[in-house]
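Novice: Compute the structure for the input listed below.
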Amino acid sequence: MEDKLDESFQMKWKRSLRKRLINCLARIENDGKPTQELLHELAKAKECFNYWSSDVADWEKHTHTFTMNDDGFKTDLTPDEKWITHE
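Specialist: Numbering: from 1, shown residues only. A predicted model of the protein is given here:
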């Protein structure tokens, strides 16, 4: 039996692009002029199109961890580097 390539991510982006383009058409009909909301929908539609036409299933997620002490404040600064409060 032949292994099928999982293209569910492409279907997601195809459906999302269709939804965004329908929203653009509705904005044009309802507002009758260029609006910020229409610009937002167009930008999201372009993003969906780019993901749909690419062969990348998802994106890399990056995280950064900050060290904290018991009080919840970062203490790797020396005392003279800390913010000085005005009295």
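Novice: where are the low-confidence patches of the protein?
Specialist: Applying pLDDT under 70 to the chain flags residues 1-7, 55-62, 64-87.
Novice: Longest helix in it, please.
Specialist: The residue-count maximum for a helix in the chain (DSSP state H) belongs to helix 8-31.
Novice: Tell me which stretches of this structure form helices.
Specialist: Under DSSP H, the chain gives helices at 8-31, 36-53.
Novice: In TSV, list those along with distance to Thr63.
Specialist: C-beta coordinates here come from the backbone N, C-alpha and C atoms, glycine included. Shown next, in TSV, are the helices of the chain (distance: least, CB to CB, whole Å):
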stretch	distance to Thr63
helix 8-31	22
helix 36-53	22
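Novice: need these in JSON lines with mean neighbour count, can you?
Specialist: As requested, the helices of the chain are arranged in JSON lines below (neighbours: other CB atoms under 10 Å):
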{"stretch": "helix 8-31", "mean neighbour count": "14"}
{"stretch": "helix 36-53", "mean neighbour count": "15"}
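Novice: Identify the residues contacting the longest helix of the chain?
Specialist: Applying CB atoms under 8 Å, 6 or more residues apart in numbering, the external contacts of helix 8-31 come out as 35, 37-38, 41-42, 44-45, 48-49, 51-52, 57-58.
Novice: Just the C-alpha atoms of it, please, in CSV.
Specialist: Provided in CSV are the C-alpha atoms of helix 8-31 (Å, rounded to 0.1, in the frame of the first residue of the first chain):
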residue,chain,number,x,y,z
SER,A,8,-4.1,18.4,6.2
PHE,A,9,-2.1,21.6,6.8
GLN,A,10,-2.6,22.6,3.2
MET,A,11,-6.3,22.1,3.5
LYS,A,12,-6.3,24.3,6.6
TRP,A,13,-4.6,27.1,4.8
LYS,A,14,-6.8,26.7,1.7
ARG,A,15,-10.0,26.9,3.9
SER,A,16,-8.5,29.9,5.8
LEU,A,17,-7.6,31.7,2.5
ARG,A,18,-11.2,31.1,1.2
LYS,A,19,-12.7,32.5,4.4
ARG,A,20,-10.4,35.6,4.3
LEU,A,21,-11.3,36.3,0.7
ILE,A,22,-15.0,36.0,1.4
ASN,A,23,-14.5,38.4,4.3
CYS,A,24,-12.8,40.8,1.9
LEU,A,25,-15.7,40.7,-0.5
ALA,A,26,-18.1,41.3,2.3
ARG,A,27,-16.1,44.3,3.5
ILE,A,28,-16.1,45.8,0.0
GLU,A,29,-19.8,45.3,-0.3
ASN,A,30,-20.8,46.5,3.2
ASP,A,31,-18.3,49.3,3.7
